[in-house]
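Colleague: Here's a sequence, model it:
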Amino acid sequence: MAITQASFGFHHEQEVTAYTLTNRNHCQARLITFGARLVEMHVPDKHGKACDIVLGFDTLEPYQTSDTYFGATCGRYANRIRNGLFFLDGQRVEVACNEPPNHLHGGEQGLDKQIWDATFNESENSVTFSHVSKKGDSGFPGELLLKAKYTLTDDNRLLITLQGNTDETTILNMVHHSYWNMAGHDSGSVVGQMLSVEADFYTPVDEQLLATGEVLAVAGTPFDFREAKRIGQDMEHKGGYDHNWVLRGASPAIHPVASLWDTVSGRGLTLKSTEPGVQIYTAGHLGPAVIGKGNTPYCSYAGVALETQKFPDSPNFAHFPTTRLEPGETYCHEMEIQFFAR
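Modeller: Coordinates of the predicted model:
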């Protein structure tokens, strides 16, 4: 199927372009150059009826002003760094603190707020976004060449590959930040949808949602999703989940991460990744002030983000997976999202 292009508005007088990928089963992924982000994902239910299953906005302006990170490529360092401070080869590095006093998702002007260049490949049914992050952006060392590639296959998989190269030693932890609702982006809360996670351990957080450095077993806790259960079954507090799970048997090879399924529509996804962790965020802080696509006020728990990643605040914990990137190395983070209906 042909890849279509359309204007999605202007950011600081630069045009933002939307690309739509369609496969033979009429699944569609719509992507924009602002934040190299996924703004629509249409997949069929068990009756063959397709709907859009990612939260987002109809126009550019709320993407520019919102702190939701809907569908975005986040970084350079996705997740949190305590006090925006870490040491690299003995050198103190201070990065932007946009969630005072801490750093989150790359800072105020992270990758989600940049216009990326784009090329497309119709034979692959893919779009590749690229961006040069200059030395010192948000305080990070090194100039980076970054890529975010999205491919929609005819067997209903969305493949996402995030890559980076640097000219000096730095850290890098890019994530894809879509919020999924398998019943449809405008269908309300996901707390009744079924989730399983390939993890025996998780990393607890303190009152600032910062990693404590502990690695604890999920057994006997609300974090136990080793067998599929409703997202809300054991959710104890108003904020819901915003935690990192330690994936089982994690290696640089692609491995299973999670499965999400809506029992009513029959629509679901399975996620695989090359990363050692997954941040599961149940969007407890969303509310009706956030007006989504189709003039939909989004409620708390309107979607769930499944952000495969290195661990939060890894630069400050030697026992966490390293986020260090050297010149000559290529950072490569792959995700494989298989959609299904049953």
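Colleague: what about the helices in this structure?
Modeller: For the chain, applying DSSP state H gives helices covering 60-65.
Colleague: looking at it, which residue lies furthest from center?
Modeller: Taking C-alpha atoms, centre = their mean, the residue of the chain most remote from its mean C-alpha position is residue 90, at 30.7 Å.
Colleague: which residues does it contact?
Modeller: The contact partners of residue 90, taken as C-beta atoms under 8 Å, 6 or more residues apart in numbering, number zero. No exception for glycine: its C-beta is placed from N, CA and C like everyone else's.
Colleague: same thing with residue 135?
Modeller: Contact analysis of residue 135 by C-beta under 8 Å, 6+ apart lists 141-143, 167-168.
Colleague: For residue 238, give me the pLDDT.
Modeller: In this model, residue 238 is scored at 69, pLDDT.
Colleague: same check, this time on residue 204
Modeller: The model reports residue 204 with a pLDDT of 97.
Colleague: how near is it to residue 279?
Modeller: 13 Å (C-beta to C-beta, to the nearest Å).
Colleague: before we move on, back to that, put the buried members of the contacts of residue 135 into a PyMOL selection.
Modeller: Only the buried entries of these go into this PyMOL selection, using 16 or more other C-beta atoms under 10 Å:
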select buried, resi 141+142+143
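Colleague: which one of the contacts of residue 135 sits closest to residue 331?
Modeller: residue 142 (11.4 Å; C-beta to C-beta).
Colleague: sorry, back to before: list residues touching both of residue 204 and residue 279?
Modeller: Here residue 204 and residue 279 share the contacting residues residue 243, scored by C-beta under 8 Å, 6+ apart.
Colleague: Neighbour count for those two, which is higher?
Modeller: Using other C-beta atoms under 10 Å, the more surrounded residue of residue 204 and residue 279 is residue 279, with 23 against 15.
Colleague: My guess is the more buried one contacts residue 312. True?
Modeller: Yes: judged on C-beta atoms under 8 Å, residue 279 makes contact with residue 312 at a distance of 7.2 Å.
Colleague: shared neighbours of the two, anything?
Modeller: Listed contacts common to residue 279 and residue 312 are 79, 244; contacts here mean C-beta under 8 Å, 6+ apart.
Colleague: Please enumerate the strands of the stretch 151-300 of the chain.
Modeller: For the stretch 151-300 of the chain, the strands defined by DSSP state E, counting those that start in this stretch cover 157-166, 170-171, 175-177, 179-180, 194-197, 199-203, 216-217, 229-230, 242-247, 255-261, 267-273, 277-281, 291-292, 296-297.
Colleague: tilt between the first one and strand 267-273?
Modeller: The one in question is strand 157-166. 30 degrees (axes from the mean of the first three to the mean of the last three C-alpha atoms, to 10 degrees).
Colleague: CA-only coordinates of strand 157-166, as PDB, when you get a sec.
Modeller: Extracted C-alpha coordinates of strand 157-166, given in PDB (Å, rounded to 0.1, in the frame of the first residue of the first chain):
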ATOM      1  CA  ARG A 157       3.200  -6.100  13.600                       C
ATOM      2  CA  LEU A 158       4.500  -2.600  14.400                       C
ATOM      3  CA  LEU A 159       8.300  -2.700  14.500                       C
ATOM      4  CA  ILE A 160      10.000   0.200  16.200                       C
ATOM      5  CA  THR A 161      13.800   0.600  16.100                       C
ATOM      6  CA  LEU A 162      15.600   3.400  18.100                       C
ATOM      7  CA  GLN A 163      19.200   4.000  17.300                       C
ATOM      8  CA  GLY A 164      21.900   6.400  18.400                       C
ATOM      9  CA  ASN A 165      25.600   7.100  17.700                       C
ATOM     10  CA  THR A 166      27.800   9.600  19.600                       C
END
